[in-house]
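A.B. asks: dropping a prediction and its sequence here:
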Amino acid sequence: METSSGTLQSPSTFSESSKTGSSRSHGSAKDEPDFTKDNSASPIDLECHIQAERITKILDETIYKTKMALCLPRLVQEYKTLDSILSKQHMEDLVFIFEQYDNPLFSTSLLNLDAMEDIKAGDVSLKNRLNPELGHLIYILNSYPQLKPKVEEMITEMKEEYAEYVETRRSLPGLEYLLTFEQFRDLMVKQMDTTAADELAAKLNTRKLEGSNERLIEKIQEYTKDLKEESERFQETMKLKSEIIAKLENELAMLNRDAEIRLKKKILDSDRQMVLATRAHLVKNEMLKEEEVECRELYESVLRKNLIDEKNQRARRFKVETQLLSWLQKYDLEMADKQVDLDEFTEKYEDEVQKCEVLEEKLAEQDKEYIPLMAEREEEYHQEMAEKMKKFLLEHAARVIQCAWRDVLANRAEKKRLKKLQKKMQAAAAAAAAAEKKGQKGGKK
């Protein structure tokens, strides 16, 4: 069921009719007729259904292109988004078109001299900024389905802003055109869904409404007379207000003249400043040219010096490489001769190693007998040394005691000698005193 309806609907890349069977059918998939069966519908009904799907598809694609055209100013600012989705070639084409659109003076498509003069005069309106590549830009963006969510999001924001603009009585012609186009598409879908019986019933209802409208027209005529009288009174008041407006317009014209005079003065001043700036730029340009000549001469001299240094370095490098090659050749020759000696020494070394291993085995066998004998000898040696140590300690202690005893005897002898000397000195002093007394007695006599 779903496969056959998908083939009949011819879904578009930018329409949602491929998922729902048709954006104009709001019923479930079970309510839709199966046109692949022979007994379900006539060929005429099938053809009508296909044509309706084609018309719906064309309207959906046109509406999406309109949305994309409205979103172009905002898509230009989404450079990262476009770069991540579009290919490199298409991105370069878009950048080129953007530059033409932003710089109309450099666009090759502006061949109208009057439009060029208007742009130079300051008129940069849309009529002078049209570019034939914009159609190619829309074609490129339309070939990338990944941009559809971003476009729908921008349109939703624009509709929200439009709701605010409606409250402030501001108009957006592009968005109003889109809303009208979507309303037209809904009406077309509704009209294609309407059957002949429904249309006949609508006509009958229309005739009834016409009868009621005639009665209402009579009442409207009565109200029109009243409104006419009120409008006459209103026109009289409007005349008075128009006179006041005329006076204000005269005053506004005078103010505009004064503003034009001031604007012309400012333009003349700006022209003078531009002339002065141009002269200063020319002088600076000449100075920069002279500086360029000097820098170029300096660059050439430095380049020649560097070339000479490079040549010298290459010669030194060649000399070092040749010397290194000669050393390598000499090394190879010497090592070839010494390799023979190395092989001989290696053989001798291996023989000596084998002999050493045999000797080590013999030593290991001898150690089994030698180690116990050495342990016994070491014990005997320790005992002998211990006896010698005891004997030495005894002899040393005897020497110390004998030396101390000699010192004691010497001290005693010294004390005896000192006592004898003291007695002699006392005796001599007594004799000297007795002799002095005798001398004193003989002198008195």
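C.D. replies: Right, received. Where do you want to start?

A.B. asks: need the pLDDT of residue 83.
C.D. replies: Model confidence at residue 83, given as pLDDT, is 75.

A.B. asks: excluding chain neighbours, give the residue nearest to it in space.
C.D. replies: Residue nearest to residue 83 in three dimensions, not counting chain neighbours: residue 91, with 5.9 Å by CB to CB, 6 or more residues apart in numbering. For every residue, glycine as well, the C-beta is placed using N, CA and C.

A.B. asks: against which helices or strands is the helix or strand containing residue 378 packed?
C.D. replies: In this assignment (DSSP states H and E), residue 378 forms part of helix 196-444. Helices and strands in packing contact with helix 196-444 are not found; criterion 3 or more CB pairs under 8 Å, 6 or more residues apart in numbering; DSSP states H and E.

A.B. asks: neighbours around residue 47, how many?
C.D. replies: Using other CB atoms under 10 Å, the number of residues around residue 47 comes to 12.

A.B. asks: and the one helix or strand it maps to, what's its mean pLDDT?
C.D. replies: Using DSSP H and E, residue 47 sits in helix 43-77. The average of the pLDDT scores along helix 43-77 is 81.

A.B. asks: quick check: buried residues in that helix?
C.D. replies: 49, 52-53, 56-57, 59-60, 63-64, 66-68, 70-72, 75 (16 or more other CB atoms under 10 Å).

A.B. asks: ok so, going back, mean confidence for the helix holding residue 378?
C.D. replies: The average pLDDT within helix 196-444 is 87.

A.B. asks: what is the helix holding residue 47 packed up against?
C.D. replies: helix 2-9, helix 17-20, helix 133-142, helix 148-167, helix 173-193.

A.B. asks: distance from the helix or strand that comes right after that helix to the middle of the chain?
C.D. replies: Using DSSP H and E, the helix or strand that follows helix 43-77 in sequence is helix 79-85. How far helix 79-85 lies from its chain's middle: 15 Å, per CA atoms, centre = their mean, to the nearest Å.

A.B. asks: for helix 79-85, name the packing helices and strands.
C.D. replies: Against helix 79-85 (3+ CB pairs under 8 Å, 6+ apart) you get helix 88-102.

A.B. asks: can you tell me the average pLDDT over the helix it packs on?
C.D. replies: For helix 88-102, mean pLDDT is 73.

A.B. asks: show me what it is packed against.
C.D. replies: helix 79-85, helix 133-142.

A.B. asks: next one: it to chain centre, how far?
C.D. replies: How far helix 88-102 lies from its chain's middle: 25 Å, per CA atoms, centre = their mean.

A.B. asks: likewise for stretch 377-391?
C.D. replies: How far stretch 377-391 lies from its chain's middle: 89 Å, per CA atoms, centre = their mean.

A.B. asks: alpha carbons only: can I get it in CSV?
C.D. replies: Extracted in CSV, the C-alpha atoms of stretch 377-391 (Å, rounded to 0.1, in the frame of the first residue of the first chain):
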residue,chain,number,x,y,z
ARG,A,377,93.9,-25.2,61.4
GLU,A,378,92.1,-22.0,62.1
GLU,A,379,90.8,-23.3,65.4
GLU,A,380,94.3,-24.4,66.4
TYR,A,381,95.6,-21.0,65.4
HIS,A,382,92.9,-19.3,67.5
GLN,A,383,93.8,-21.4,70.6
GLU,A,384,97.5,-20.7,70.2
MET,A,385,96.9,-17.0,69.9
ALA,A,386,94.6,-17.0,72.9
GLU,A,387,97.3,-18.7,75.1
LYS,A,388,99.9,-16.2,73.7
MET,A,389,97.5,-13.3,74.6
LYS,A,390,97.1,-14.6,78.2
LYS,A,391,100.9,-14.9,78.6
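
A.B. asks: list the buried residues in that stretch.
C.D. replies: By 16+ other CB under 10 Å, stretch 377-391 has no buried positions at all.

A.B. asks: spatially central residue for the chain, please.
C.D. replies: Geometric centre of the chain, nearest residue: residue 80, 12.7 Å, by CA atoms, centre = their mean.

A.B. asks: that older thread, ok, so of the buried residues of helix 43-77, who is nearest residue 300?
C.D. replies: Looking at those and their distance to residue 300, the nearest is residue 75, at 50.4 Å (CB to CB).

A.B. asks: lovely, talk soon.
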